[in-house]
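sharing a sequence plus its predicted fold:
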Amino acid sequence: MFSDIRAAVVGSINMDLILTMEKVPQLGENVVGTDYGYANGGKGANQATALATLGAKVRMIGKVADDENGKALLENLKNKKIDISGVDTDGSQTGLAVIILDGEGKNRIVVYEGANKEIDSQNAVKSLIDYKPDLLLVQFETNEDVVINCVNEAVKNNIVTVIDCGPAKAFDLEKMQGAHIISPNESETKALTGIYPDNDDNILKASKILKERSKAQFIVLKLGERGCSLWDGENLKIIPPYKTNVVDTTAAGDCFTAAMALEYLRSGDIVKSCDMGNKAGSIAVSRMGAESSMPTIEEILNI
Ligand code: ATP
Ligand code: RIB
(Lines give C-alpha, C1' and ligand atoms only; values in the text may rest on other atoms or scores of the structure.)
(Ligands and ions follow the chains in the order given, each with its own letter.)
Protein backbone atom coordinates (compact mmCIF):
# COMPACT_ATOMS: atom_id res chain seq x y z
CA MET A 1 0.00 0.00 0.00
CA PHE A 2 2.82 2.42 0.82
CA SER A 3 5.71 0.62 -0.88
CA ASP A 4 6.09 3.25 -3.63
CA ILE A 5 6.61 6.05 -1.12
CA ARG A 6 10.12 7.38 -0.44
CA ALA A 7 10.30 9.01 2.97
CA ALA A 8 13.11 10.89 4.69
CA VAL A 9 13.20 11.37 8.45
CA VAL A 10 15.44 14.02 9.97
CA GLY A 11 15.60 13.47 13.70
CA SER A 12 16.87 11.88 16.87
CA ILE A 13 18.19 8.41 17.53
CA ASN A 14 18.25 7.35 21.20
CA MET A 15 18.86 4.33 23.33
CA ASP A 16 15.85 4.11 25.69
CA LEU A 17 16.21 2.80 29.24
CA ILE A 18 12.70 1.82 30.31
CA LEU A 19 12.04 1.48 34.05
CA THR A 20 8.63 0.23 35.11
CA MET A 21 6.98 0.77 38.51
CA GLU A 22 3.49 0.83 39.99
CA LYS A 23 3.67 4.50 41.02
CA VAL A 24 6.30 7.08 40.08
CA PRO A 25 8.24 8.53 43.05
CA GLN A 26 7.31 11.91 44.53
CA LEU A 27 10.09 14.38 45.36
CA GLY A 28 12.44 12.78 47.92
CA GLU A 29 10.64 9.41 47.73
CA ASN A 30 12.18 6.02 46.83
CA VAL A 31 10.05 3.45 45.02
CA VAL A 32 10.77 -0.11 43.93
CA GLY A 33 10.89 -0.74 40.20
CA THR A 34 9.18 -3.82 38.78
CA ASP A 35 11.31 -4.24 35.65
CA TYR A 36 13.78 -2.50 33.34
CA GLY A 37 15.22 -2.96 29.88
CA TYR A 38 16.93 -1.18 26.99
CA ALA A 39 15.11 -0.51 23.73
CA ASN A 40 15.71 1.33 20.46
CA GLY A 41 14.15 4.79 20.49
CA GLY A 42 14.41 8.47 19.66
CA LYS A 43 11.54 10.28 18.01
CA GLY A 44 13.26 10.33 14.62
CA ALA A 45 14.26 6.67 14.64
CA ASN A 46 10.82 5.67 15.94
CA GLN A 47 9.14 7.48 13.06
CA ALA A 48 11.58 5.98 10.56
CA THR A 49 10.81 2.52 11.97
CA ALA A 50 7.07 3.18 11.87
CA LEU A 51 7.30 4.23 8.20
CA ALA A 52 9.43 1.21 7.28
CA THR A 53 7.16 -1.20 9.21
CA LEU A 54 4.24 0.22 7.21
CA GLY A 55 6.14 -0.61 4.02
CA ALA A 56 7.66 2.70 2.87
CA LYS A 57 11.26 3.18 1.68
CA VAL A 58 13.03 5.24 4.31
CA ARG A 59 16.21 7.25 4.70
CA MET A 60 17.17 8.25 8.26
CA ILE A 61 19.13 11.47 8.65
CA GLY A 62 20.71 12.21 12.03
CA LYS A 63 23.73 11.63 14.22
CA VAL A 64 25.02 9.11 16.76
CA ALA A 65 28.45 8.61 18.34
CA ASP A 66 30.85 5.83 17.50
CA ASP A 67 30.01 4.15 20.82
CA GLU A 68 28.27 0.92 21.82
CA ASN A 69 24.75 2.39 21.77
CA GLY A 70 25.36 4.18 18.47
CA LYS A 71 26.57 1.01 16.80
CA ALA A 72 23.66 -1.06 18.13
CA LEU A 73 21.07 1.53 17.09
CA LEU A 74 22.46 1.82 13.56
CA GLU A 75 22.62 -1.95 13.18
CA ASN A 76 18.98 -2.12 14.19
CA LEU A 77 17.92 0.51 11.63
CA LYS A 78 19.93 -1.28 8.95
CA ASN A 79 18.22 -4.57 9.80
CA LYS A 80 14.89 -2.83 9.19
CA LYS A 81 16.13 -1.94 5.68
CA ILE A 82 16.29 1.75 6.56
CA ASP A 83 18.92 3.66 4.58
CA ILE A 84 21.33 5.03 7.19
CA SER A 85 23.69 6.81 4.80
CA GLY A 86 22.37 10.12 6.19
CA VAL A 87 23.42 9.29 9.76
CA ASP A 88 26.79 10.74 10.82
CA THR A 89 28.67 8.77 13.45
CA ASP A 90 31.06 11.38 14.84
CA GLY A 91 28.85 12.65 17.68
CA SER A 92 30.17 13.10 21.23
CA GLN A 93 27.77 10.58 22.81
CA THR A 94 24.73 8.77 21.43
CA GLY A 95 21.39 10.12 22.73
CA LEU A 96 19.86 8.40 25.74
CA ALA A 97 16.31 8.53 27.07
CA VAL A 98 15.29 7.35 30.54
CA ILE A 99 11.62 6.42 30.47
CA ILE A 100 9.79 6.04 33.76
CA LEU A 101 6.65 4.03 33.17
CA ASP A 102 3.84 3.70 35.73
CA GLY A 103 1.28 0.92 36.22
CA GLU A 104 -1.24 2.71 33.98
CA GLY A 105 1.19 2.79 31.03
CA LYS A 106 1.83 6.55 31.43
CA ASN A 107 5.39 7.77 31.05
CA ARG A 108 7.79 10.51 32.08
CA ILE A 109 10.88 10.87 29.89
CA VAL A 110 14.29 12.46 30.49
CA VAL A 111 16.44 12.78 27.37
CA TYR A 112 20.18 13.30 27.14
CA GLU A 113 20.34 14.68 23.60
CA GLY A 114 24.08 14.20 22.94
CA ALA A 115 24.81 13.62 19.24
CA ASN A 116 21.23 14.52 18.26
CA LYS A 117 22.06 18.14 19.04
CA GLU A 118 25.23 18.05 16.92
CA ILE A 119 23.70 17.28 13.51
CA ASP A 120 25.30 19.35 10.77
CA SER A 121 22.57 21.31 9.07
CA GLN A 122 24.26 21.39 5.63
CA ASN A 123 24.89 17.62 5.69
CA ALA A 124 21.29 17.01 6.65
CA VAL A 125 19.90 19.20 3.86
CA LYS A 126 22.25 17.62 1.31
CA SER A 127 21.27 14.10 2.30
CA LEU A 128 17.59 15.07 2.19
CA ILE A 129 17.72 16.61 -1.28
CA ASP A 130 19.98 13.87 -2.71
CA TYR A 131 17.46 11.23 -1.65
CA LYS A 132 14.60 12.94 -3.58
CA PRO A 133 11.90 11.83 -1.15
CA ASP A 134 8.15 12.23 -1.56
CA LEU A 135 7.77 12.85 2.16
CA LEU A 136 9.78 14.48 4.97
CA LEU A 137 9.10 13.94 8.67
CA VAL A 138 10.84 16.09 11.30
CA GLN A 139 10.53 16.47 15.06
CA PHE A 140 12.05 18.89 17.60
CA GLU A 141 14.54 16.53 19.29
CA THR A 142 17.48 17.93 17.26
CA ASN A 143 18.96 21.40 16.81
CA GLU A 144 16.52 24.06 15.67
CA ASP A 145 18.51 25.14 12.57
CA VAL A 146 18.46 21.57 11.23
CA VAL A 147 14.69 21.39 11.51
CA ILE A 148 14.16 24.84 10.00
CA ASN A 149 16.57 24.39 7.07
CA CYS A 150 15.29 20.92 6.19
CA VAL A 151 11.64 21.99 6.31
CA ASN A 152 12.26 25.10 4.20
CA GLU A 153 14.26 23.15 1.64
CA ALA A 154 11.62 20.41 1.48
CA VAL A 155 8.76 22.88 1.02
CA LYS A 156 10.75 24.63 -1.72
CA ASN A 157 11.23 21.26 -3.46
CA ASN A 158 7.53 20.30 -3.20
CA ILE A 159 8.22 17.45 -0.78
CA VAL A 160 5.20 16.72 1.43
CA THR A 161 6.41 17.97 4.81
CA VAL A 162 5.04 16.86 8.16
CA ILE A 163 6.24 18.44 11.40
CA ASP A 164 5.80 16.45 14.61
CA CYS A 165 6.33 18.97 17.42
CA GLY A 166 7.81 16.63 20.06
CA PRO A 167 9.23 17.10 22.61
CA ALA A 168 7.35 20.04 24.13
CA LYS A 169 9.30 23.28 23.73
CA ALA A 170 8.96 26.80 22.39
CA PHE A 171 9.96 26.86 18.71
CA ASP A 172 10.27 29.57 16.06
CA LEU A 173 7.49 28.26 13.82
CA GLU A 174 7.61 31.51 11.86
CA LYS A 175 11.00 30.49 10.46
CA MET A 176 9.57 27.51 8.56
CA GLN A 177 6.46 28.43 6.65
CA GLY A 178 4.08 26.38 4.57
CA ALA A 179 4.51 22.77 5.70
CA HIS A 180 1.65 20.44 4.80
CA ILE A 181 0.84 19.18 8.29
CA ILE A 182 1.95 20.30 11.73
CA SER A 183 1.10 17.95 14.57
CA PRO A 184 1.77 18.54 18.28
CA ASN A 185 0.38 16.51 21.20
CA GLU A 186 -1.39 18.19 24.13
CA SER A 187 1.68 19.37 26.09
CA GLU A 188 3.47 20.40 22.88
CA THR A 189 0.40 22.47 21.93
CA LYS A 190 0.57 24.19 25.32
CA ALA A 191 4.31 24.88 24.90
CA LEU A 192 3.79 26.40 21.43
CA THR A 193 0.58 28.36 22.01
CA GLY A 194 0.16 28.78 25.78
CA ILE A 195 -3.19 26.95 25.48
CA TYR A 196 -3.82 23.41 26.74
CA PRO A 197 -6.28 21.79 24.29
CA ASP A 198 -8.63 20.35 26.91
CA ASN A 199 -11.94 21.27 25.21
CA ASP A 200 -13.19 22.19 21.72
CA ASP A 201 -12.86 25.89 22.39
CA ASN A 202 -9.23 25.61 23.41
CA ILE A 203 -8.48 23.14 20.60
CA LEU A 204 -9.77 25.70 18.09
CA LYS A 205 -7.93 28.64 19.69
CA ALA A 206 -4.63 26.72 19.79
CA SER A 207 -5.06 25.41 16.22
CA LYS A 208 -5.69 28.93 14.92
CA ILE A 209 -2.50 30.19 16.58
CA LEU A 210 -0.50 27.29 15.14
CA LYS A 211 -1.86 27.92 11.65
CA GLU A 212 -1.20 31.62 11.87
CA ARG A 213 2.37 31.07 13.10
CA SER A 214 3.38 28.24 10.74
CA LYS A 215 1.14 28.83 7.70
CA ALA A 216 0.84 25.05 7.58
CA GLN A 217 -2.02 23.65 5.53
CA PHE A 218 -3.42 21.36 8.24
CA ILE A 219 -3.14 21.47 12.03
CA VAL A 220 -3.58 18.05 13.60
CA LEU A 221 -3.53 17.91 17.42
CA LYS A 222 -2.84 14.50 18.98
CA LEU A 223 -5.19 14.27 21.94
CA GLY A 224 -4.24 10.95 23.54
CA GLU A 225 -7.28 8.92 24.60
CA ARG A 226 -9.53 11.54 22.89
CA GLY A 227 -8.10 10.78 19.42
CA CYS A 228 -7.09 13.84 17.40
CA SER A 229 -8.38 17.11 16.00
CA LEU A 230 -8.08 18.58 12.52
CA TRP A 231 -8.16 22.30 11.59
CA ASP A 232 -7.91 23.29 7.95
CA GLY A 233 -8.51 26.99 8.47
CA GLU A 234 -12.27 26.66 8.00
CA ASN A 235 -13.60 23.65 9.88
CA LEU A 236 -12.63 21.95 13.11
CA LYS A 237 -13.16 18.18 13.27
CA ILE A 238 -12.58 15.92 16.25
CA ILE A 239 -11.67 12.48 14.97
CA PRO A 240 -12.51 9.82 17.57
CA PRO A 241 -10.02 7.27 18.93
CA TYR A 242 -10.18 3.47 18.85
CA LYS A 243 -10.75 1.65 22.14
CA THR A 244 -7.74 -0.27 23.33
CA ASN A 245 -5.98 -1.71 26.36
CA VAL A 246 -3.24 0.75 27.33
CA VAL A 247 0.10 -0.85 28.24
CA ASP A 248 2.64 1.87 27.36
CA THR A 249 1.91 5.17 25.60
CA THR A 250 5.58 5.73 24.64
CA ALA A 251 5.94 6.60 20.93
CA ALA A 252 2.18 6.51 20.25
CA GLY A 253 2.66 10.01 18.88
CA ASP A 254 5.52 8.90 16.60
CA CYS A 255 3.44 6.03 15.29
CA PHE A 256 0.40 8.29 14.75
CA THR A 257 2.44 10.85 12.78
CA ALA A 258 4.06 8.27 10.51
CA ALA A 259 0.80 6.49 9.66
CA MET A 260 -1.09 9.75 9.13
CA ALA A 261 1.66 11.09 6.85
CA LEU A 262 1.79 7.97 4.66
CA GLU A 263 -1.96 7.86 4.22
CA TYR A 264 -1.99 11.57 3.34
CA LEU A 265 0.64 11.00 0.70
CA ARG A 266 -1.25 8.00 -0.71
CA SER A 267 -4.80 9.34 -0.72
CA GLY A 268 -4.54 13.10 -0.20
CA ASP A 269 -7.54 12.66 2.15
CA ILE A 270 -6.62 14.36 5.43
CA VAL A 271 -9.62 13.05 7.42
CA LYS A 272 -8.87 9.49 6.38
CA SER A 273 -5.22 10.14 7.27
CA CYS A 274 -6.09 11.30 10.80
CA ASP A 275 -8.23 8.20 11.23
CA MET A 276 -5.29 6.06 10.07
CA GLY A 277 -3.15 7.85 12.68
CA ASN A 278 -5.71 7.08 15.40
CA LYS A 279 -5.76 3.41 14.41
CA ALA A 280 -1.95 3.19 14.45
CA GLY A 281 -1.72 5.08 17.77
CA SER A 282 -4.26 2.79 19.41
CA ILE A 283 -2.12 -0.22 18.50
CA ALA A 284 1.10 1.47 19.69
CA VAL A 285 -0.32 2.20 23.17
CA SER A 286 -1.37 -1.44 23.56
CA ARG A 287 2.28 -2.58 23.32
CA MET A 288 5.42 -2.08 25.38
CA GLY A 289 8.32 0.03 24.10
CA ALA A 290 8.85 2.58 21.36
CA GLU A 291 9.81 1.16 17.98
CA SER A 292 8.78 -2.35 19.07
CA SER A 293 5.17 -1.16 19.22
CA MET A 294 4.90 0.00 15.60
CA PRO A 295 2.14 -1.84 13.68
CA THR A 296 2.14 -3.25 10.16
CA ILE A 297 -0.42 -2.07 7.61
CA GLU A 298 -2.22 -5.43 7.90
CA GLU A 299 -2.66 -4.88 11.65
CA ILE A 300 -4.03 -1.39 11.07
CA LEU A 301 -6.45 -2.54 8.36
CA ASN A 302 -7.70 -5.29 10.67
CA ILE A 303 -9.10 -2.80 13.20
P1 ATP B 1 4.14 9.92 23.26
O2 ATP B 1 4.76 11.28 23.54
O3 ATP B 1 3.86 9.12 24.49
O4 ATP B 1 4.81 9.21 22.16
P5 ATP B 1 2.05 11.57 22.38
O6 ATP B 1 1.71 12.22 23.69
O7 ATP B 1 2.85 12.32 21.40
O8 ATP B 1 2.70 10.17 22.65
P9 ATP B 1 -0.68 10.89 22.28
O10 ATP B 1 -1.57 12.03 22.00
O11 ATP B 1 -0.61 10.38 23.68
O12 ATP B 1 0.73 11.20 21.66
O13 ATP B 1 -1.10 9.65 21.38
C14 ATP B 1 -0.99 9.69 19.97
C15 ATP B 1 -2.21 9.06 19.38
O16 ATP B 1 -2.31 7.69 19.83
C17 ATP B 1 -3.53 9.71 19.78
O18 ATP B 1 -3.80 10.83 18.98
C19 ATP B 1 -4.50 8.56 19.59
O20 ATP B 1 -4.79 8.40 18.21
C21 ATP B 1 -3.67 7.35 20.04
N22 ATP B 1 -3.88 7.09 21.48
C23 ATP B 1 -3.15 7.54 22.52
N24 ATP B 1 -3.65 7.14 23.70
C25 ATP B 1 -4.74 6.40 23.40
C26 ATP B 1 -5.72 5.68 24.18
N27 ATP B 1 -5.67 5.65 25.52
N28 ATP B 1 -6.70 5.02 23.53
C29 ATP B 1 -6.77 5.04 22.17
N30 ATP B 1 -5.89 5.69 21.38
C31 ATP B 1 -4.90 6.36 21.98
O1 RIB C 1 8.54 9.63 21.41
C2 RIB C 1 9.13 8.63 22.21
C3 RIB C 1 10.62 8.84 22.28
O4 RIB C 1 10.89 10.02 22.98
C5 RIB C 1 11.37 7.75 23.01
O6 RIB C 1 11.73 6.67 22.20
C7 RIB C 1 12.56 8.49 23.59
O8 RIB C 1 13.77 8.19 22.96
C9 RIB C 1 12.20 9.98 23.47
O10 RIB C 1 12.98 10.58 22.54
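Great, that's in hand. Ligands and ions are numbered 1, 2, ... in the order given.

please make it C-alpha for all contacts and neighbour counts, starting now.
Fine.

get me the contact residues on the chain for ligand 2.
For the chain, the contact set with ligand 2 under Cα under 6 Å from any ligand atom comprises 14, 16, 41-43, 97, 250-251, 254, 290.

mind listing what the closest residue to Asp90 other than its chain neighbours touches?
Distances taken as Cα to Cα, 6 or more residues apart in numbering place Ala65 nearest to Asp90, at 5.2 Å, with adjacent residues excluded. By Cα atoms under 8 Å, 6 or more residues apart in numbering, the contact set of Ala65 is 71, 88-94, 115.

just those residues: which are in helices?
Of the contacts of Ala65, the ones assigned to helices by DSSP state H are Lys71.

out of the contacts of Ala65, which is nearest to Leu204?
Leu204 lies nearest to Ala115 out of the contacts of Ala65, by Cα to Cα, at 36.6 Å.

how many neighbours does that closest one have?
25 (other Cα atoms under 10 Å).

what's stretch 260-270 in contact with?
Here stretch 260-270 makes contact (Cα under 8 Å, 6+ apart) with 2, 5, 51, 134-135, 160, 162, 272-277.

which of those are buried, as a PyMOL select command?
To isolate the buried ones among those in PyMOL, judged by 16 or more other Cα atoms under 10 Å, type:
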select buried, resi 2+5+51+134+135+160+162+273+274+275+276+277
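
could I get the contacts of stretch 260-270 as a markdown table with pLDDT and secondary structure?
Below are the contacts of stretch 260-270 laid out as a markdown table (pLDDT from 0 to 100; DSSP: H, G, I helix; E, B strand; the rest coil):
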| residue | pLDDT | secondary structure |
| --- | --- | --- |
| Phe2 | 96 | coil |
| Ile5 | 98 | coil |
| Leu51 | 98 | helix |
| Asp134 | 98 | coil |
| Leu135 | 98 | strand |
| Val160 | 98 | strand |
| Val162 | 98 | strand |
| Lys272 | 98 | helix |
| Ser273 | 98 | helix |
| Cys274 | 98 | helix |
| Asp275 | 98 | helix |
| Met276 | 98 | helix |
| Gly277 | 98 | helix |
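
which residues does the closest residue to Asn143 other than its chain neighbours contact?
Excluding the flanking residues, the one nearest Asn143 by Cα to Cα, 6+ apart is Lys117, at 5.0 Å. Contacts for Lys117 (Cα under 8 Å, 6+ apart) come out as 141-143.

got a quick ChimeraX command for the buried subset of the residues you listed?
Here is the ChimeraX command that selects the buried residues among the contacts of Lys117 (16+ other Cα under 10 Å):
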select :141,142,143
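
tell me which of the contacts of Lys117 fall in strands.
In strands, defined here by DSSP state E, there are no members of these.

and which of the contacts of Lys117 is nearest ligand 1?
Glu141 (11.9 Å; Cα to the nearest ligand atom).

so the residue nearest to the closest one when sequence neighbours are not counted: helix, strand or coil?
Sequence neighbours aside, Ser12 is the residue nearest to Glu141 in space, at 5.7 Å (criterion: Cα to Cα, 6+ apart). For Ser12, the secondary structure call by DSSP: H, G, I helix; E, B strand; the rest coil comes out as coil.

just the pLDDT for Ser12.
On pLDDT, Ser12 comes in at 98.

now swap in the one 3 residues further on and tell me
Met15 is assigned a pLDDT of 97 by the prediction.

repeat for Ala290
The model's pLDDT for Ala290 equals 86.

what about it, distance to Leu77?
Distance of Ala290 to Leu77, computed by Cα to Cα, to the nearest Å: 13 Å.

more neighbours: the two, which one.
Neighbours were counted for Ala290 and for Leu77 using other Cα under 10 Å; Ala290 has more, 29 against 22.

nearest spatial neighbour of the more buried one, chain-adjacent residues omitted?
Residue nearest to Ala290 in three dimensions, not counting chain neighbours: Ala251, with 5.0 Å by Cα to Cα, 6+ apart.

neighbours of the one you found, just the number please.
Using other Cα under 10 Å: Ala251 sits among 25 other residues.
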